[in-house]
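Visitor: Pasting the sequence and the predicted model now:
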Amino acid sequence: MGNITLGDSRDPSSYPKEKFHLTITSPPYFVGKEYEKDYSFDDYRSLLKDVFRETAKRTVDGGKIAINIADIAAFSKVTGRVEETDQVLPEITRNLKEDDCHLLARYIWHKDDPWVNSQHVCYHDKIPSTYVRALPNWEYIWVYYKGDSTKREGVSPIDESISKERWKRWVSAVWKIDSVRANNDHAAKFPEELARRLILLYSVVGDTIFDPFMGSGTTAVAAYRNDREYAGIERDFKYHALCIENIDIALSQPSIKFKPYVPPEKFKQDKLY
């Protein structure tokens, strides 16, 4: 498919007509980024509901929706005081259930220590004793499936698409992956390795991977490098151009595509006559 639409993922007309096999996305976190300034917290909650409803409509039966998001930590602008979190994933789960999508798996993305890249966790002489912020150095990835069955028709057995060694590492559901340090071209990128693991676990070669908040294009790049099709939506002109640029770079470097898993030949015992 290979199509990134410049549009708003709240608008049904921004979506491609083709169905998706896997969605991988990290929606806005409502923490004061520039691209969040045109909506309130209630608008934000409506955005999540509307976007994932449209995504669910276009997901094949047995297809998956993987959402990377953190609990909201910068919440003083909503309540007027410092509060640790407002958990949005349970609300997303309830909304998706109305759209016939059901929680299948939960992962914890264990990333950098909070003092590495958070202005809210500081140690210096301006911080009074007893005031300690301990922000999580993790985020969540919750995976949902569409329809009555977690299984998809016509896909190969798992031992033909991923090695047992990799499977054992990844179904132990705490993933230690460093965050993207150089957010110089986009305010909130997630690492390609996170997308790659989800692609290999929840899709097969030739599937269409979708991202309604495409951002810098990480989902599309990971899809291409693992022999999948990609589609997505990005509403910001600057980020849409960045996404296309990053995809073009990946297309120009076919030699660094990830090598597909080739299952070993299965041994069959000769019959004794």
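Guide: Received the coordinates, thanks. As the structure is a computational prediction, the values presented were derived from the model and not from experiment.
Visitor: So T130, which state does it fall into?
Guide: Under DSSP: H, G, I helix; E, B strand; the rest coil, the three-state class of T130 is coil.
Visitor: That one - how many residues pack around it?
Guide: T130 is surrounded by 5 other residues when neighbours are defined as other Cβ atoms under 10 Å. Yep, even glycine has a C-beta here, placed from its N, CA and C like the rest.
Visitor: Please apply the same query to K146.
Guide: The local packing count at K146 equals 27, with neighbours defined by other Cβ under 10 Å.
Visitor: cool, E139 as well?
Guide: 19.
Visitor: Can you give the contact residues for the one helix or strand it maps to?
Guide: Here E139, judged by DSSP states H and E, is contained in strand 138-146. For strand 138-146, the surrounding residues in contact (Cβ atoms under 8 Å, 6 or more residues apart in numbering) are 56, 59-71, 89, 92-93, 96, 100-111, 175, 194, 198, 202.
Visitor: Show me the helices in the stretch 151-273 of the chain, by range?
Guide: 164-171, 192-202, 218-225, 237-251 (DSSP state H, counting those that start in this stretch).
Visitor: who does the second one touch, helix- and strand-wise?
Guide: By that I understand helix 192-202. The contact analysis (3 or more Cβ pairs under 8 Å, 6 or more residues apart in numbering; DSSP states H and E) places helix 192-202 against strand 20-25, strand 59-69, strand 138-146, helix 164-171, helix 218-225.
Visitor: Identify whichever of these lies nearest to G232.
Guide: Closest approach to G232 among these (Cβ to Cβ): helix 218-225, 5.9 Å.
Visitor: got TSV for the helices of the stretch 151-273 of the chain, with distance to D8 and mean pLDDT too?
Guide: Putting these into TSV (distance: least, Cβ to Cβ, whole Å; pLDDT from 0 to 100) gives the following:
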stretch	distance to D8	mean pLDDT
helix 164-171	34	94
helix 192-202	22	96
helix 218-225	18	94
helix 237-251	12	91
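Visitor: Need the winner for burial among those.
Guide: For those, the stretch with the most neighbours on average is helix 218-225, a mean of 25; neighbours defined as mean count of other Cβ atoms under 10 Å.
Visitor: how many degrees apart are that one and strand 20-25 in direction?
Guide: Compare the direction of helix 218-225 with that of strand 20-25 by axes from the mean of the first three to the mean of the last three Cα atoms, to 10 degrees and you get 140 degrees.
Visitor: Other residues contacting helix 218-225?
Guide: Contact with helix 218-225 is made by 4, 24-25, 189-192, 195-196, 199, 209-211, 214, 229-230, 232, 243, 246-247, 250-251, 256-258, as judged by Cβ under 8 Å, 6+ apart.
Visitor: Adding distance to D43, write the helices of the stretch 151-273 of the chain out as a markdown table.
Guide: Formatted as a markdown table, the entries for the helices of the stretch 151-273 of the chain read as follows, by distance: least, Cβ to Cβ, whole Å:
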| stretch | distance to D43 |
| --- | --- |
| helix 164-171 | 36 |
| helix 192-202 | 27 |
| helix 218-225 | 24 |
| helix 237-251 | 20 |
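Visitor: Ok, which of those helices comes nearest F41?
Guide: Going by Cβ to Cβ, the one of the helices of the stretch 151-273 of the chain nearest F41 is helix 237-251, 22.5 Å.
Visitor: From the contact counts, what lies against the closest one?
Guide: When contacts are defined as 3+ Cβ pairs under 8 Å, 6+ apart, helix 237-251 sits against strand 3-6, helix 218-225, strand 229-234.
Visitor: Turn the ones you listed into TSV, columns for distance to V143.
Guide: Supplementary listing: those in TSV, determined by distance: least, Cβ to Cβ, whole Å:
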stretch	distance to V143
strand 3-6	23
helix 218-225	14
strand 229-234	18
